[in-house]
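[1] Just the structure for this:
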Amino acid sequence: MTTWLASPTPRTRVLSPPATPPPPNEPVYDPAVTSAAEPQLPAPEHSTLETTPAPPATNTPPPDLKLTGWRSIVDGWLTLFAIVFPWACGMIISWMPLTKISLNDARGSSLIMVSIIASTIEVSSIFLWGFGVMVQACIDPAYEYSNGVISVIWMIFIMVDPIVTGGYVWSTVDSDPCKDDPDPDSAQCRVGDTLIRGIGVFRVFVVFTIFCLSLQLCDCLRKKFKAQQWREQQQRQNSGV
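    Predicted coordinates:
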């Protein structure tokens with residue numbers, strides 16, 4: 001007897017469709033790789049930020065800042081006042097003996113005339129210097145005062161002259177007082193040694209002291225003007241005006 005065996009059923013292999021490749025600009029993620037770092041995409045060009053820090057704002061004006069406008073005019077007049085005022089005070093003090101005697105009588109005393117003549121020359125030279133500087137500034141707006149040889153000599157003169165002449169008057173009145181004068185009606189006795197000595201002391205010490213204080217006051221006001229002008233310039237720059 002013949003036995004027939006059933007033949008096995010053939011298996012059909014189903015093929016999966018091919019995987020779609022990723023776009024060329026898209027990164028490929030492999031799930032099997034878990035330790036790889038995430039890919040870094042390049043940042044677009046328009047996202048670049050300016051990283052340069054802005055310069056810090058400061059309220060201190062630069063040392064070479066020049067005053068302009070009304071501040072420059074006021075500073076010029078204050079400087080002229082600081083120079084004129086001390087010597088003008090010295091001239092007023094030197095002319096005080098004329099409240100007791102006449103100018104004709106004062107000519108007989110060298111102590112009185114030295115202070116009168118010296119102080120008058122000093123103040124006159126200061127006014128001539130100031131007038132010359134103002135004329136130059138009016139003619140040439142870009143004119144800047146510079147210390148030449150003549151200016152230096154003039155400055156030395158107005159600084160030294162009060163000390164020399166005042167010291168002469170002070171020392172002479174101490175060495176030759178009125179009580180030793182045989183003429184009690186002389187100009188020195190009528191004015192008084194106290195006033196003449198005070199004029200000499202004032203011209204030796206006080207004139208230069210007032211000058212230094214006036215320069216310090218002008219310097220403080222100049223720094224204040226520069227700070228105000230610098231703040232106004234910073235505000236205009238920040239507001240875009």
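[2] Could you use CA atoms for every contact and neighbour count after this?
    Noted.
[3] Low-confidence stretches in this protein?
    Within the chain, the ranges that satisfy pLDDT under 70 run 1-59, 63-64, 141-147, 181-182, 240-241.
[4] can you do 90?
    1-83, 103, 105-111, 127-155, 174-190, 192-193, 218-219, 221-241 (pLDDT under 90).
[5] How much space separates residue 74 from residue 218?
    Counting by Cα to Cα, to the nearest Å, the separation of residue 74 from residue 218 is 10 Å.
[6] With neighbour numbers in mind, choose between those two.
    residue 218 (20 against 15; other Cα atoms under 10 Å).
[7] I'd like to know which elements the longest helix along the chain is packed against.
    Identified as the longest helix of the chain according to DSSP state H is helix 207-239. Contacts defined by 3 or more Cα pairs under 8 Å, 6 or more residues apart in numbering; DSSP states H and E place helix 207-239 against helix 70-94.
[8] Sort out which residues of the helix it packs on are buried, please.
    71, 75, 78-91, 93-94 (16 or more other Cα atoms under 10 Å).
[9] How about stretch 166-175?
    For stretch 166-175, by 16+ other Cα under 10 Å, it's 166-170, 172-173.
[10] for stretch 109-124, same thing?
    Buried residues in stretch 109-124 (16+ other Cα under 10 Å): 111-116, 118-120, 122-123.
[11] burial count for residue 156?
    11.
[12] Could you pull up the contacting residues of it?
    Contact partners of residue 156, counting by Cα atoms under 8 Å, 6 or more residues apart in numbering, are absent.
[13] In terms of helices and strands, where is it?
    helix 149-175 (DSSP states H and E).
[14] That helix to helix 70-94, inter-axis angle?
    Helix 149-175 and helix 70-94 meet at an angle of 30 degrees, taking axes from the mean of the first three to the mean of the last three Cα atoms, to 10 degrees as the criterion.
[15] Next SSE downstream of helix 149-175?
    helix 187-191.
[16] C-alpha coordinates for that following helix, CSV please?
    Taking C-alpha atoms only, helix 187-191 is exported to CSV below (Å, rounded to 0.1, in the frame of the first residue of the first chain):
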residue,chain,number,x,y,z
ALA,A,187,53.0,165.5,55.5
GLN,A,188,54.1,162.4,57.3
CYS,A,189,53.1,163.7,60.7
ARG,A,190,49.7,165.0,59.4
VAL,A,191,48.9,161.6,57.8
